[in-house]
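> next input, structure requested:
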Amino acid sequence: MIRTRLDSPGKSTLSPISILIHLLLLGALIFTLIPILFMFTASMMPRKDILKMPYRWIPQGFEVQNFIKAIAGNDGSFIFIRNYINSILVSGIVTFSTVLLASLTGYGLAKFKFKGRNFVFLAIMATMMIPFEAIMIPLYLVTTKLHLQNSYGGLTLPFLVNAFGVFMMRQYLLPFPDEFLDATRIDGAGEIRIFWHVVLPNCAPAIATLSILTFRSQWDNLLWPLLIAQSEKMKTLPLYIVKFAAEKYTDEGAMMAVAVLASIPMLVLFFTMSNYFVSGASVFSSRKG
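Next comes the predicted model:
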């Protein structure tokens, strides 16, 4: 517990424990930011400056060739742009479907009493215990039977909804007042209208949290696209990064430029929804069970 003691008006004294905690937090912050700072600064430097010791943290200029090479690729095919768009489409589709379906399911499990409700919820939660690697091959066989290789359907279908999203939305909606829902029903609102105009607008923190987590998980997804996307045009950004980093003529500056470009959508998403994300995390952390 952080304790601040006021000895006199306008003057505060931190306890030794508080100072130690602040120092630990500062160390964790520096430890987290150093790789990100290295990525941004190295992307602006020529290769010889990146490898120079001691490392120069402030670039002397802006090496635009790093970004041109990152986008054009070593073969000049500019396939990076198509792979980038693929990642945005796949992550966007999965995020939208997950938020919508998890909200609907979570709302049903939280606010509608029906026989077997707890069993359905436990069955959904049980799927969280199964690692993706265990069901990857059956999913691949089903996808190939449906002829969905090298398609957006194949890349998105197994991830359209997940158990963690259902759990999050159900837990968030459990304390939602039933009296409020009953009042809207008495006013003549149907269930779809209640869900769309009453429930969803009041779930903004949970929706923002689920959106960021889902988008990030798909943005970083390497294993499933590696199985499904054999065509260069259908590959996603993680596959491009792996291929680009393994090529003989790739230098460190271009690799850091690719990393910077790949980080932009996540940074934009996080800072756009950061207020909702922080408040959503606070809500879940303050609830017991």
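
> from now on I want contacts and neighbour counts done on CA atoms only, so please keep to that.
Fine.

> how about residue 239: what's its closest non-neighbour residue?
residue 222 (6.4 Å; Cα to Cα, 6 or more residues apart in numbering).

> you'd agree the one you found is up against residue 241?
No - look at residue 222 against residue 241 with Cα atoms under 8 Å: they stay out of range, at 10.0 Å.

> relative to residue 180, how far out is the residue nearest to residue 239?
From residue 222 over to residue 180 the distance is 44 Å, taken as Cα to Cα, to the nearest Å.

> now residue 96
On the measure of Cα to Cα, residue 96 and residue 180 end up 27 Å apart.

> between these two, who's got more neighbours?
residue 96 (16 against 10; other Cα atoms under 10 Å).

> could you pull up the residues touching the more buried one?
Contact partners of residue 96, counting by Cα atoms under 8 Å, 6 or more residues apart in numbering, are residue 211.

> now do it against residue 262, distance only.
Distance from residue 96 to residue 262, counting by Cα to Cα: 20 Å.

> can you show me the strands along this protein?
4-8, 11-14 (DSSP state E).

> lowest-confidence stretch among the ones you listed?
Lowest mean pLDDT of the strands of the chain: strand 4-8, a mean of 46.

> averaging pLDDT per element, find the lowest-scoring helix or strand in the chain.
In the chain, no helix or strand scores lower on mean pLDDT, DSSP states H and E than strand 4-8, which sits at a mean of 46.

> which pLDDT value goes with the most centrally placed residue in the chain?
When Cα atoms, centre = their mean is applied to the chain, the residue found nearest the centroid is residue 216 (2.1 Å). In this model, residue 216 is scored at 91, pLDDT.

> residue 266 is in contact with that one, correct?
Yes - the criterion here is Cα under 8 Å, and residue 216 meets it with residue 266 at 6.9 Å.

> in the lengthiest helix in the chain, what's buried?
Longest helix in the chain, counting residues (DSSP state H): helix 79-111. For helix 79-111, burial by neighbour count (16 or more other Cα atoms under 10 Å) applies to 79-80, 82-84, 86-111.

> contacts for stretch 167-185 next, please.
102-103, 105-107, 109-111, 125, 191, 194, 203, 206-207, 210, 284.

> distance from that stretch to the middle of the chain?
26 Å (Cα atoms, centre = their mean, to the nearest Å).

> how many other residues sit next to the nearest residue to residue 72 once chain neighbours are set aside?
Distances taken as Cα to Cα, 6+ apart place residue 78 nearest to residue 72, at 4.1 Å, with adjacent residues excluded. By the measure other Cα under 10 Å, the count of residues near residue 78 is 15.

> nearest to residue 69, of the contacts of stretch 167-185?
residue 210 (34.6 Å; Cα to Cα).
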